[in-house]
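Colleague: Output the structure for:
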Amino acid sequence: MQQNPFTPAYLRWSLSVSSPPTTCSTKLHPQPIHSSNPQYFTVISSKRSSEHCLTGLQRDPKNALSRIIRREAAIEGIGRKAKSKKQRNMLWPKAVLEALDEAIKENSWGSALEIFGLLRKQHWYEPRCQTYTKLIMMLGKCKQSEQASLLFEIMLSEGLKPTIDVYTVLVHAYGKSGFIDMAFTTVEDMKSVSDCKPDVYTYSILINSCMKLRRFDLIGRILAEMSYLGIECSTVTYNTIIDGYGKAEMFEEMESLLTDMIESGDSLPDIFTFNSIVGSYGNSGQIEKMEKWYDEFQLMGIRPDIKTFNILIKSFGKAGMCEKMGSVMKFMQKRFFSPTVITYNIVIEILGKAGKIEKMEEYFKEMKHKGMKPNAITYCSLVSAYIKAGSIKKVDSILRQVENSDVILDTPFFNCIISAYGQAGDIKRMGELFLVMEERKCMPDNITFASMIQAYNTHGMIEVAESLENKLIKTSKNSVLVKEVRRNHVRM
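Modeller: Numbers count the residues shown, from 1 in each chain. Purely as a prediction, here's the structure:
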């Protein structure tokens with residue numbers, strides 16, 4: 001059994017390992033954490049929606065496969081050598097560093113930590129803050145704050161002095177995992193370290209964490225502290241708070257902060273501010289306010305981008321204003337803004353929900369005619385529309401298209417298609433799709449089982465439904481349920 005490289009026992013061993021002087025360094029070419037590019041700290045939703053998925057779930061399968069094979073081969077090669085007592089402490093720098101870099105890029109935190117443990121045993125190893133920064137950043141993305149904390153302790157044991165970047169990514173790791181108190185404690189620790197005082201980027205990360213956790217009560221405290229320390233808010237800081245207030249429908253606070261932003265004179269609104277405010281009013285159905293701010297920002301000299309138009313289309317569509325939605329599409333064409341996959345997904349979803357099947361199909365054909373590949377979101381919207389209209393044959397057609405394409409499917413798509421056949425009474429087909437879901441390595445969730453239970457109940461299979469429901473209540477992990485459902489449908 002392979003030992004977890006960051007268990008307490010392993011950590012104690014790691015702390016006792018000495019780092020001999022070397023002439024070879026571990027240059028990992030880290031990307032700087034501090035940048036003037038505001039995109040580093042924009043608030044990005046993790047929900048799967050047509051608006052937030054920049055390219056949908058469509059990816060080049062050949063490139064994706066080659067990346068996986070390359071990463072796994074590199075990691076496997078290092079792991080093989082690590083098992084050999086002769087080679088364990090004599091690994092080539094290039095091989096180890098490339099394997100570590102691949103694992104970090106793919107957010108394979110377990111593999112990355114294992115490789116890093118091997119790296120520290122090499123006679124040529126030289127500890128560097130940049131390496132720790134990249135690892136802690138990865139652990140933060142993976143919500144592994146405990147591992148990040150242990151890694152920080154190892155860094156200190158190696159005699160490295162933490163940099164502002166290391167502390168900032170540690171703040172990010174705690175915030176991402178929901179440990180906001182630890183994030184604040186880390187910021188306080190920074191103040192006691194010379195040449196490592198928190199700056200606007202550190203506070204932007206802290207604010208972003210508070211917004212994600214809806215801890216709006218802490219924002220005033222952070223801004224007051226920044227003011228006391230003489231740290232001015234950047235455009236990124238303002239945008240992060242404005243976006244958070246907008247999503248929480250705290251419109252008064254949002255507009256008040258926008259006023260402060262404009263009056264500051266240094267951090268002026270940009271396209272991110274534009275889209276956050278227009279989007280917040282649009283999502284809440286306040287169309288007049290949305291249109292007002294759309295005009296206001298243009299008077300400020302800020303021009304809309306493709307995301308702005310997608311926001312308008314979605315907002316008009318949700319409000320049932322399909323004519324205005326069409327007008328935005330025409331306006332885009334006049335201004336040479338080409339609709340993207342996201343744009344078409346929004347339009348298809350809205351028309352499908354409105355029951356305008358023919359119009360929806362027109363846009364679907366137009367999308368393909370323009371050379372845009374539909375993705376799982378597109379097909380999910382089509383299936384939902386057809387099942388609502390009672391056109392199960394068209395669902396069969398969509399499924400055939402999907403089978404003959406290279407689209408990458410996900411759990412929400414299978415939930416949609418399983419629900420469709422369940423509602424149509426085709427229990428056998430529903431079961432077959434469940435097995436396909438497992439083959440595609442898409443993990444069923446509560447929605448999957450809820451759809452199947454509902455289908456069983458509707459069609460008189462009460463005992464099967466009750467058995468599945470009881471297991472769902474008693475089981476904390478779905479793996480047991482997956483095996484049970486799989487056995488049932490193999491028998492059918």
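
Colleague: By mean pLDDT, point me to the weakest helix or strand of the protein.
Modeller: helix 8-16 (a mean of 37; mean pLDDT, DSSP states H and E).

Colleague: tally of neighbours for residue 338?
Modeller: For residue 338, the neighbour count with other C-beta atoms under 10 Å is 10. To be clear about C-beta, it is placed using only N, CA and C from the backbone, and glycine gets the same treatment.

Colleague: So which residues of the stretch 151-300 of the chain form strands?
Modeller: Assigned strands in the stretch 151-300 of the chain: none (criterion: DSSP state E, counting those that start in this stretch).

Colleague: In it, what residue spans correspond to helices?
Modeller: 164-176, 180-191, 200-212, 219-228, 235-247, 251-264, 271-283, 287-299 (DSSP state H, counting those that start in this stretch).

Colleague: Next, format those as a markdown table and append mean pLDDT and distance to residue 359.
Modeller: Output for these, formatted as a markdown table (pLDDT from 0 to 100; distance: least, C-beta to C-beta, whole Å):
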| stretch | mean pLDDT | distance to residue 359 |
| --- | --- | --- |
| helix 164-176 | 95 | 42 |
| helix 180-191 | 94 | 47 |
| helix 200-212 | 95 | 37 |
| helix 219-228 | 94 | 44 |
| helix 235-247 | 95 | 30 |
| helix 251-264 | 94 | 33 |
| helix 271-283 | 96 | 21 |
| helix 287-299 | 95 | 21 |
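
Colleague: would JSON lines of those helices with distance to residue 445 and mean neighbour count be doable?
Modeller: Shown next, in JSON lines, are the helices of the stretch 151-300 of the chain (distance: least, C-beta to C-beta, whole Å; neighbours: other C-beta atoms under 10 Å):
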{"stretch": "helix 164-176", "distance to residue 445": "22", "mean neighbour count": "25"}
{"stretch": "helix 180-191", "distance to residue 445": "27", "mean neighbour count": "17"}
{"stretch": "helix 200-212", "distance to residue 445": "22", "mean neighbour count": "23"}
{"stretch": "helix 219-228", "distance to residue 445": "33", "mean neighbour count": "14"}
{"stretch": "helix 235-247", "distance to residue 445": "24", "mean neighbour count": "25"}
{"stretch": "helix 251-264", "distance to residue 445": "33", "mean neighbour count": "15"}
{"stretch": "helix 271-283", "distance to residue 445": "25", "mean neighbour count": "23"}
{"stretch": "helix 287-299", "distance to residue 445": "33", "mean neighbour count": "15"}
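
Colleague: out of these, nearest to residue 319?
Modeller: Residue 319 lies closest to helix 287-299 among the helices of the stretch 151-300 of the chain, at 5.5 Å (C-beta to C-beta).

Colleague: For the closest one, C-alpha coordinates in PDB please.
Modeller: Extracted C-alpha coordinates of helix 287-299, given in PDB (Å, rounded to 0.1, in the frame of the first residue of the first chain):
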ATOM      1  CA  ILE A 287     -35.100  45.100 -17.300                       C
ATOM      2  CA  GLU A 288     -35.600  48.900 -17.100                       C
ATOM      3  CA  LYS A 289     -32.700  49.200 -14.700                       C
ATOM      4  CA  MET A 290     -30.600  47.000 -16.900                       C
ATOM      5  CA  GLU A 291     -31.300  49.100 -20.000                       C
ATOM      6  CA  LYS A 292     -30.600  52.300 -18.000                       C
ATOM      7  CA  TRP A 293     -27.200  51.100 -16.900                       C
ATOM      8  CA  TYR A 294     -26.400  49.800 -20.400                       C
ATOM      9  CA  ASP A 295     -26.800  53.300 -21.700                       C
ATOM     10  CA  GLU A 296     -25.000  54.900 -18.700                       C
ATOM     11  CA  PHE A 297     -21.800  52.800 -19.200                       C
ATOM     12  CA  GLN A 298     -21.700  53.700 -22.900                       C
ATOM     13  CA  LEU A 299     -21.900  57.400 -21.900                       C
END
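
Colleague: Can you report how many residues lie near residue 442?
Modeller: With other C-beta under 10 Å as criterion, residue 442 counts 18.

Colleague: and it, how far is that from residue 421?
Modeller: According to C-beta to C-beta, to the nearest Å, residue 442 stands 16 Å off from residue 421.

Colleague: And for residue 142?
Modeller: 35 Å.

Colleague: Between the two, which is the more surrounded one?
Modeller: Shown here are residue 142 and residue 421; by other C-beta under 10 Å, residue 421 has more neighbours (25 against 18).

Colleague: show me what contacts that one?
Modeller: Contacts for residue 421 (C-beta atoms under 8 Å, 6 or more residues apart in numbering) come out as 392, 395, 427, 429-430, 433, 455.

Colleague: And the helices in the stretch 301-450 of the chain?
Modeller: Under DSSP H, counting those that start in this stretch, the stretch 301-450 of the chain gives helices at 306-318, 322-334, 341-353, 357-369, 376-388, 392-403, 411-424, 427-439, 446-458.

Colleague: Low-confidence ranges, the stretch 51-200 of the chain, go.
Modeller: Counting by pLDDT under 70, the stretch 51-200 of the chain has low-confidence residues at 51-91.

Colleague: Kindly recompute the last result at 80.
Modeller: Low-confidence segments of the stretch 51-200 of the chain (pLDDT under 80): 51-93.

Colleague: rewinding a little: CSV for the helices of the stretch 301-450 of the chain, including distance to residue 186 and mean pLDDT?
Modeller: What follows is the helices of the stretch 301-450 of the chain, written out as CSV (distance: least, C-beta to C-beta, whole Å; pLDDT from 0 to 100):
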stretch, distance to residue 186, mean pLDDT
helix 306-318, 33, 95
helix 322-334, 45, 90
helix 341-353, 37, 94
helix 357-369, 47, 93
helix 376-388, 38, 91
helix 392-403, 46, 86
helix 411-424, 35, 87
helix 427-439, 41, 85
helix 446-458, 35, 86
